[in-house]
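**Q** Only the shape, not the letters, is given here:
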């Protein structure tokens, strides 16, 4: 093959990719970032990797009531840059999102920039190379970036949550590009999150939360368990619209320190519930009244949750005195179906 022909073919591929992206952008199929063209061959490869028929419907996505078929999910997963083997996880997440108790329709149309947050547990973390440790909520990891992005494209393209069309979100959020990590089970001194929710340790599972923010809590190293928890509690802002719970991604340093001090996860939930309170007078009257009516406060105080049970605790991230607080609730956990090689 001559150099001229190689150059010509390279230019043709570049032009095709550019046209595919421009067309997808013009149609409103992207999140603004370039996409991988979902060719029929590529989509079929992803459908096969799911181990399910392409026409199988996983649910209806509001507000447009779009049919989330395996094929439609595959199209968005291809565009997001996923690998075929990610499909069972993405499908399990969609199953959680379409559970009747999950407030997906509200999330899709509200002015609040809430978004799904995915927590992954079990052997699938290693199989798919999902980041659970250092930088797990940041860039640089294909599985985390593209699986989370696929969920957003699915919600937009199948559900119809396009900004200014059905979605009325006032500002939006960078978390709406991708919001996912694995639990750092290897450095978790307690029971993994999915086991606490009734699944086996050897199960692969994904939990979908309704999430409204990201709040990094820094500090509290070497001061003892009470002060670690007080440091966390005083940095847990009440989140209007966060609703029925909060999620604490406890960093590995603090998890080890608290465990060595003899605290269980239940102890942590109870102490945070007692500590993470502020006087009602600190807030606008309407906010305090709303939280009181929702069971997250009384006449004198505003609480972060209605009970210790609504403070969910998982372990993630790498070394350092850092924790992450997320206004998050309505968790739905689904087992990720293992697909035998012969079905792919």
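**A** Cool, got the structure. The shown structure was predicted, so the numbers you read here are calculated from the model rather than taken from an experiment.
**Q** where do the strands sit along the stretch 201-344 of the chain?
**A** Here the stretch 201-344 of the chain has its strands, by DSSP state E, counting those that start in this stretch, at 205-211, 215-218, 246-250, 277-279, 301-303, 311-315, 322-326, 328-335.
**Q** got the ones you listed as JSON lines, with distance to residue 89 columns?
**A** All C-beta spots, glycine's among them, are computed from the backbone N, C-alpha and C. Below are these laid out as JSON lines (distance: least, Cβ to Cβ, whole Å):
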{"stretch": "strand 205-211", "distance to residue 89": "6"}
{"stretch": "strand 215-218", "distance to residue 89": "26"}
{"stretch": "strand 246-250", "distance to residue 89": "19"}
{"stretch": "strand 277-279", "distance to residue 89": "37"}
{"stretch": "strand 301-303", "distance to residue 89": "34"}
{"stretch": "strand 311-315", "distance to residue 89": "17"}
{"stretch": "strand 322-326", "distance to residue 89": "20"}
{"stretch": "strand 328-335", "distance to residue 89": "9"}
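**Q** Nearest to residue 166, out of the ones you listed?
**A** Closest to residue 166 of the strands of the stretch 201-344 of the chain, according to Cβ to Cβ: strand 205-211, at 17.5 Å.
**Q** Which strands and helices lie in contact with that closest one?
**A** With contacts defined as 3 or more Cβ pairs under 8 Å, 6 or more residues apart in numbering; DSSP states H and E, the packing partners of strand 205-211 are helix 87-97, strand 115-121, helix 193-196, strand 328-335.
**Q** And residue 256, how far from residue 67?
**A** 46 Å (Cβ to Cβ, to the nearest Å).
**Q** and residue 132, which of the three is it?
**A** coil (DSSP: H, G, I helix; E, B strand; the rest coil).
**Q** wait, doesn't it sit right on residue 185?
**A** Yes. Residue 132 is in contact with residue 185 according to Cβ atoms under 8 Å; the separation is 7.3 Å.
**Q** Just the pLDDT for the residue nearest to residue 291 when sequence neighbours are not counted.
**A** Nearest residue to residue 291, sequence neighbours excluded (Cβ to Cβ, 6 or more residues apart in numbering): residue 297, at 4.3 Å. Residue 297 carries a pLDDT value of 81.
**Q** Make 434 the starting number, not 1.
**A** New numbering, starting at 434: the last item is residue 730.
**Q** can you pull the contacts of residue 730?
**A** Applying Cβ atoms under 8 Å, 6 or more residues apart in numbering, we find residue 730 in contact with 713, 721, 724, 736.
**Q** Run a quick neighbour tally on residue 583.
**A** Number of residues near residue 583 (other Cβ atoms under 10 Å) recorded here: 28.
**Q** Same check on residue 695?
**A** 8.
**Q** One more: residue 447?
**A** Using other Cβ under 10 Å, residue 447 has 10 neighbouring residues.
**Q** Out of the helices and strands packed on strand 638-644, which gets the lowest mean score?
**A** With a mean of 93, strand 761-768 has the lowest mean pLDDT of those.
**Q** Quick check: neighbours of that strand in the sheet, parallel or antiparallel?
**A** If you go by DSSP bridges, strand 761-768 pairs up with strand 638-644 (antiparallel).
**Q** and the strand it pairs with, how far from the chain's centre?
**A** Its chain's average C-alpha position is 6 Å from that of strand 638-644, according to Cα atoms, centre = their mean, to the nearest Å.
**Q** what's next to that strand, contact-wise?
**A** Identification of contacts with strand 638-644 by Cβ under 8 Å, 6+ apart yields 522, 525-526, 529-530, 535-536, 540, 547-555, 608, 612, 626-627, 630, 632, 676, 680, 745, 759-769.
**Q** at 7 Å instead, please
**A** The contact list for strand 638-644 (Cβ atoms under 7 Å, 6 or more residues apart in numbering) reads 522, 525-526, 529-530, 535-536, 540, 547-555, 608, 612, 626-627, 632, 676, 680, 759-769.
**Q** returning to that earlier point: the more surrounded of residue 565 and residue 618?
**A** Between residue 565 and residue 618, residue 565 has the larger neighbour count (other Cβ under 10 Å), namely 25 against 22.
**Q** what sits against the residue lying closest to that one once chain neighbours are set aside?
**A** Sequence neighbours aside, residue 615 is the residue nearest to residue 565 in space, at 3.6 Å (criterion: Cβ to Cβ, 6+ apart). Residue 615 is in contact with 553, 558, 563-565, 569, counting by Cβ under 7 Å, 6+ apart.
**Q** of the residues you listed, buried ones?
**A** For the contacts of residue 615, a burial check counting by 16 or more other Cβ atoms under 10 Å picks out 553, 558, 563-565, 569.
**Q** Distance-wise, check the most centrally placed residue in the chain relative to residue 689.
**A** Nearest residue to the geometric centre of the chain (Cα atoms, centre = their mean): residue 550, 1.9 Å. According to Cβ to Cβ, residue 550 stands 24 Å off from residue 689.
**Q** If we ignore the residues flanking it in sequence, what's nearest residue 486?
**A** Counting by Cβ to Cβ, 6+ apart, the residue nearest residue 486 is residue 503, at 6.6 Å.
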